[in-house]
Every structure is written in structure tokens, then in C-alpha cells.
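Chemist: How does the following fold in three dimensions:
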Amino acid sequence: MAFVAGRKRVPRPAAGMTALRARRRMAGVVDSVMSPRLLVMGDNDASTKPEVNAASREAKRAVRRTLRAARRARRDMGETSEREADGRRLLRLAEPALRTASCVATFEPLDTESNLEPLNARLLENGRVIVPITLEDLDLSWRDLATGEDLGKDAIALADVVVAPALAVGARGERLGQGGGCYDRALPRRREGTPVIAVVFPDEFGVDFPTQAHDERVDAVLTVNGLTWLREPLR
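Modeler: This next block holds a predicted model:
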């Protein structure tokens, strides 16, 4: 059963992520890793294990190509004001479920992804925020978003909730990533019971695609239309 959170008004963050990044740049902090997840974008399904057949791999790649093309088109046709409005909407939807978390593992969005900057700014006001660094072996390390400190691979265990990127999410919570297997490696290191919320566009939720045993499932899906819990909601 899915649980859909209604929309609740909360104030806009006092300072957006743009201002935060400007302050961090002035301090010489972490600009070398501002978009680390670009490293894994491609059609190589590095997470695929040998026993998975070629047809399944190619089907997954085809879905990724279609979704990436749609995201690029959405970005190219979109207005800045629309993206900002979407960011505020995601904040209103997600913040009530995350306000009690002392540490959240989130991510810095690419320009083709949903705008999480208002939400990340609010999370920084409320507690600790960590974001991923993609390593050469496509594993993930984590850094403190406020200080830039590299915390290592196991820092995901600090998080009370994980907000993860995805290209699509299936009806039962199957997560389709970029194909590098980064989160398939990282998510098993989180504390047992730590919920994972995937962020996608509305038409990317409920997509049908091949899955493998190692693919991580998520507990909830966040779009501009709502926060949908696929398992028991976070209290």
C-alpha cells in the first residue's frame, strides 16, 4: 500500500544553496567535486553481474537513453522560474518528513534533475547534511555539505534517512540509476532500517524496466506531485 503525503506550507529557506555555494567558494571549499556524479553517466551498466543476459542489459540501457533524452529536453525547454517553483514545492512536500532527522544523506542535483537546492538548504538549517563523492571505482564516499570534510565510504551510516537520485522508480520501489552501480554499493552500508527516498519526475515513477537481484529498492518516491511511501512512512 502506498501512502501519499499531502502538501503543507512551510516558509521558504532564508538562504538558498546558491548563496551557500558562493560562501563556500570564497572559503576555497569543495568546488573540485561539485558535480561528481557526472563521472557515472553513460550506457555502461557497471552494476550488471555476469549472469544477467545481454538482452536484459540492453533493455535497461535503452530505458536509460530514453529517460536521459527526456530530461535533457525538459531542461532545455524549462524556465528558470519553473525550476525554482518546483524546488519550493519539493521542499514543502519533503520537509515535514525529514525535519526530525539529525543527519540526512542527500545529493547535489545535476541541471537535468529535480531541483533539491531549497530542500538541501533547509536541511542544513536543521542538522547535518552529507552528499556523495563518486570515486574512481564508482563507489561513493561522503562529505559534509557545510564544511566540505571528506567523511569516507561508511559515513552513510550516520544518516537517519537517505535522499537518493534515480532515473526512474518502478511501482514496487525498484530503483533505476545511471548504470554505474554507485548506490547499489553504497546503500548496503546504511544503518538497518534507514529509509531511502528516491527523487524523480512524475512520469519517471512507475516505469517498467528489467531488474536484478542486486538492485536496491527504495522506501518512498518524491516528485513535485507528492511524497509517496511504498513502505511504512517515516515517523
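
Chemist: Where does the prediction get shaky in the protein?
Modeler: Within the chain, the ranges that satisfy pLDDT under 70 run 1-52, 233-235.

Chemist: nearest spatial neighbour of residue 150, skipping sequence neighbours?
Modeler: residue 143 (5.1 Å; Cβ to Cβ, 6 or more residues apart in numbering). Just so you know, the C-beta spots here come from the backbone N, C-alpha and C atoms, and that holds for glycine as well.

Chemist: tell me the SS of the one you found?
Modeler: strand (DSSP: H, G, I helix; E, B strand; the rest coil).

Chemist: And it, how close does it get to residue 167?
Modeler: 23 Å (Cβ to Cβ, to the nearest Å).

Chemist: isn't residue 99 right next to residue 126, touching?
Modeler: Yes - applying Cβ atoms under 8 Å, one finds residue 99 in contact with residue 126, separated by 6.0 Å.

Chemist: How about the contacts made by residue 77?
Modeler: By Cβ atoms under 8 Å, 6 or more residues apart in numbering, no residues touch residue 77.

Chemist: do the same with residue 158
Modeler: 103, 105, 128, 130, 151.

Chemist: One more pass at 7 Å, please.
Modeler: 103, 130 (Cβ atoms under 7 Å, 6 or more residues apart in numbering).

Chemist: Would you indicate which residues of stretch 82-94 are buried?
Modeler: For stretch 82-94, the neighbour count (16 or more other Cβ atoms under 10 Å) marks 83, 86-94 as buried.

Chemist: can you redo the residues you listed as a markdown table with distance to residue 174 and secondary structure?
Modeler: Below are these laid out as a markdown table (distance: Cβ to Cβ, whole Å; DSSP: H, G, I helix; E, B strand; the rest coil):
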| residue | distance to residue 174 | secondary structure |
| --- | --- | --- |
| 83 | 27 | helix |
| 86 | 24 | helix |
| 87 | 26 | helix |
| 88 | 29 | helix |
| 89 | 25 | helix |
| 90 | 22 | helix |
| 91 | 26 | helix |
| 92 | 27 | helix |
| 93 | 22 | helix |
| 94 | 21 | helix |
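
Chemist: Send me the longest helix anywhere in the chain as PDB with only the CA atoms.
Modeler: Counting by DSSP state H, the longest helix found in the chain is helix 54-77. Taking C-alpha atoms only, helix 54-77 is exported to PDB below (Å, rounded to 0.1, in the frame of the first residue of the first chain):
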ATOM      1  CA  ALA A  54      22.700  -9.400 -22.800                       C
ATOM      2  CA  ALA A  55      19.100  -8.700 -23.700                       C
ATOM      3  CA  SER A  56      18.300  -7.500 -20.200                       C
ATOM      4  CA  ARG A  57      21.300  -5.300 -20.100                       C
ATOM      5  CA  GLU A  58      20.400  -3.700 -23.500                       C
ATOM      6  CA  ALA A  59      16.800  -3.200 -22.400                       C
ATOM      7  CA  LYS A  60      18.000  -1.300 -19.400                       C
ATOM      8  CA  ARG A  61      20.300   0.800 -21.400                       C
ATOM      9  CA  ALA A  62      17.500   1.700 -23.800                       C
ATOM     10  CA  VAL A  63      15.300   2.800 -21.000                       C
ATOM     11  CA  ARG A  64      18.200   5.000 -19.700                       C
ATOM     12  CA  ARG A  65      18.800   6.600 -23.000                       C
ATOM     13  CA  THR A  66      15.100   7.400 -23.400                       C
ATOM     14  CA  LEU A  67      14.900   8.900 -19.900                       C
ATOM     15  CA  ARG A  68      18.100  10.900 -20.300                       C
ATOM     16  CA  ALA A  69      16.900  12.400 -23.600                       C
ATOM     17  CA  ALA A  70      13.600  13.300 -22.000                       C
ATOM     18  CA  ARG A  71      15.400  15.000 -19.100                       C
ATOM     19  CA  ARG A  72      17.600  17.000 -21.500                       C
ATOM     20  CA  ALA A  73      14.500  18.100 -23.400                       C
ATOM     21  CA  ARG A  74      12.800  19.100 -20.100                       C
ATOM     22  CA  ARG A  75      15.800  21.100 -19.100                       C
ATOM     23  CA  ASP A  76      16.200  22.800 -22.500                       C
ATOM     24  CA  MET A  77      12.500  23.800 -22.600                       C
END
